[in-house]
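J.: need coordinates for the below:
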Amino acid sequence: MINNAKKIVVLSSLLSAPVLADYVEFGAELERYNSEYSGDDINMPYVGFNVTPFANSPFNISGHSSYAARLEEASNGGNRNRQEFFIGYRWDFGDLTFAPTVGVRHESFNSGTDVKEYRIFPGLTYNLSDESNIYLGGFVAPVSANDRDRSENNSGSLESYTDWKHELELGYSSKLASGDSYKVSFYNEYQNKSDIVREGAEDNRNELQLRLQYQYQASSEFSVKPWARIGLYREKEDANGQIKEDIRHRAGFDTSYKFNQDWSMGTRLYAQMEERHDWDGTSNEDKWRYYFKFSIRRTF
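T.: Alright, predicted model coming up:
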């Protein structure tokens, strides 16, 4: 926790350098679960930023640093440091915008597991009119993992693996005459872990969601954004081809309030229900997550 605090201080110091910074944001995320899964409860402070090094340039740099601390001492092996660093650029070709971003998410756990995701975001948007567009969001990522032995020996030692992950979203967005807006999209998440041969160890995961979002612009200062993520399909497979479908649904809302041109605050609140099964198909108690985030942003 002390090392992570030092990283946050260093990151904040970098932001005071003489560059044109879009914003710096400080916040905290809290996750709570029903009693069956309360060992996963976490508190997670974070700091994030976005910097435009050159005035009026489409080039930008962004980053995020957080520390997730489990509340139950017995689960402290799951405490996690996370750092993200990305660079992006934007090109406009008439109605088509291409704004790719590349970077890395690095996660290290107290258990010794270390994961680096080398993320590539396509950032494609095509304007259908002045008020509407279609977009391709999300990322693809080769993953470098220093993980617990995945062989039949299950020695518990840490070994190096190369995995794959993507989260992609294809959607439609429209702005209404009232100033409100909405989005409808399909989201796919896929993960594949290499060299898994142990029975009962998850080899890959594939999920499809329908996502709905509406933004109510109550005033120039305040907005409310209710949203829902409806699980259509979610399949997990182990090394022996056993399959279970732990589908999940999530619903909540975001709020944003601008105090002035420089300062604003935001919140996110949601509940998520996830089905839970054993590999033989036996149903377990559903896993409920209750999430809250609070943030303060300074815009420059």
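
J.: for residue 287, give me its contacts.
T.: With contact set as CB atoms under 8 Å, 6 or more residues apart in numbering, residue 287 has these partners: 33-34, 36-37, 273-276. All C-beta spots, glycine's among them, are computed from the backbone N, C-alpha and C.

J.: could you work out the most separated pair of those?
T.: 33 and 275 (14.3 Å; CB to CB).

J.: mind putting the contacts of residue 287 in a markdown table, pLDDT, neighbour count and secondary structure included?
T.: Below are the contacts of residue 287 laid out as a markdown table (pLDDT from 0 to 100; neighbours: other CB atoms under 10 Å; DSSP: H, G, I helix; E, B strand; the rest coil):
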| residue | pLDDT | neighbour count | secondary structure |
| --- | --- | --- | --- |
| 33 | 97 | 18 | strand |
| 34 | 97 | 13 | coil |
| 36 | 95 | 13 | helix |
| 37 | 95 | 17 | helix |
| 273 | 98 | 15 | strand |
| 274 | 98 | 17 | strand |
| 275 | 97 | 17 | strand |
| 276 | 96 | 15 | strand |
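
J.: tell me where the model's unsure across the stretch 101-250 of the chain.
T.: 154 (pLDDT under 70).

J.: what about residue 152, which helix or strand?
T.: Under the criterion DSSP states H and E, no helix or strand holds residue 152.

J.: and the residue nearest to it when sequence neighbours are not counted, how many neighbours?
T.: Distance criterion CB to CB, 6 or more residues apart in numbering; nearest residue to residue 152, sequence neighbours excluded, is residue 197 at 5.5 Å. Neighbour count of residue 197, defined by other CB atoms under 10 Å: 14.

J.: looks like residue 197 contacts residue 153 (just checking).
T.: No: applying CB atoms under 8 Å as the test, residue 197 and residue 153 come out as separate, 9.5 Å apart.
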